[in-house]
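K.L.:
heads up, no residue letters with this:
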């Protein structure tokens, strides 16, 4: 670990410590979550998920930032993705239990907001996670890959957010072997489904924050995928 890694870790600790140790800040945060859930979803992902991007860049290049990386436009994109994640949480945590009730588990719709833990609650949380990660996650991950490429092509400028996104062209350049073999086939069943099962066992007000923290891991996993993609091309 180098001195810049210690500085980075210290900066992250300074960012989070007020929410843990200052009661008034914690209370303000909890109240804001209740009053402005979509705005808070945007801010959580805009602030937290880019940390994973920065760590991923450190893994790939040895640096936490570089010219053309585009941390600000990436943060904006992550904030927008956070809005879709908030929506996905509501849609799948409501729809999947209703489907379980349709299959013969009548108590499923109220299970995730019930107190305590039970095998039935775990089953419902697992089912929600499976449905969300099979139907929503691959689209979100691919879109994130496309927007990252678009930002880099525009030199990391905020102007990238105003320019036309050449979706088809960028999709043609994606290494779909790595996207399938690693990002989809390995991270979804072995990391994201278990991680989001835990997410849906949490109280509703904490789920999006936990998901934003998991967004840090997404940045790391996508960095690993990028390294694998370069090795595949070189091989």
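P.N.:
Looks like it came in fine. Bear in mind the structure is a predicted one, so any value in this text is a computation, not a measurement. Residues are numbered from 1 along each chain as shown.
K.L.:
which residues of the chain score low on pLDDT?
P.N.:
Low-confidence segments of the chain (pLDDT under 70): 1, 219, 222-235.
K.L.:
After the one helix or strand residue 168 maps to, which helix or strand is next? Please name it.
P.N.:
Element membership for residue 168 (DSSP states H and E) is helix 167-173. Counting by DSSP H and E, the next helix or strand C-terminal to helix 167-173 is helix 176-178.
K.L.:
list the helices and strands that following helix packs on?
P.N.:
helix 204-234 (3 or more CB pairs under 8 Å, 6 or more residues apart in numbering; DSSP states H and E). Every residue, glycine included, has its C-beta placed from N, CA and C.
K.L.:
For the residue of the chain positioned farthest from its centre, what are phi and psi?
P.N.:
Relative to the centre of the chain, the most outlying C-alpha is that of residue 104, 32.2 Å out, by CA atoms, centre = their mean. Phi and psi for residue 104, reported as degrees, to the nearest 10, are phi 120, psi 20.
K.L.:
give the contact list for residue 220.
P.N.:
Residue 220 makes contact with 52, 55, 56, 59, according to CB atoms under 8 Å, 6 or more residues apart in numbering.
K.L.:
which of those are buried?
P.N.:
52, 55, 56 (16 or more other CB atoms under 10 Å).
K.L.:
In helices, which of those residues appear?
P.N.:
In helices, judged by DSSP state H, the following of the buried ones among the contacts of residue 220 are found: 52, 55, 56.
K.L.:
Tell me, how many residues neighbour residue 2?
P.N.:
Number of residues near residue 2 (other CB atoms under 10 Å) recorded here: 9.
K.L.:
secondary structure element for residue 98?
P.N.:
With DSSP H and E as the criterion, the answer for residue 98 is helix 71-102.
K.L.:
Alright, that wraps it up for me.
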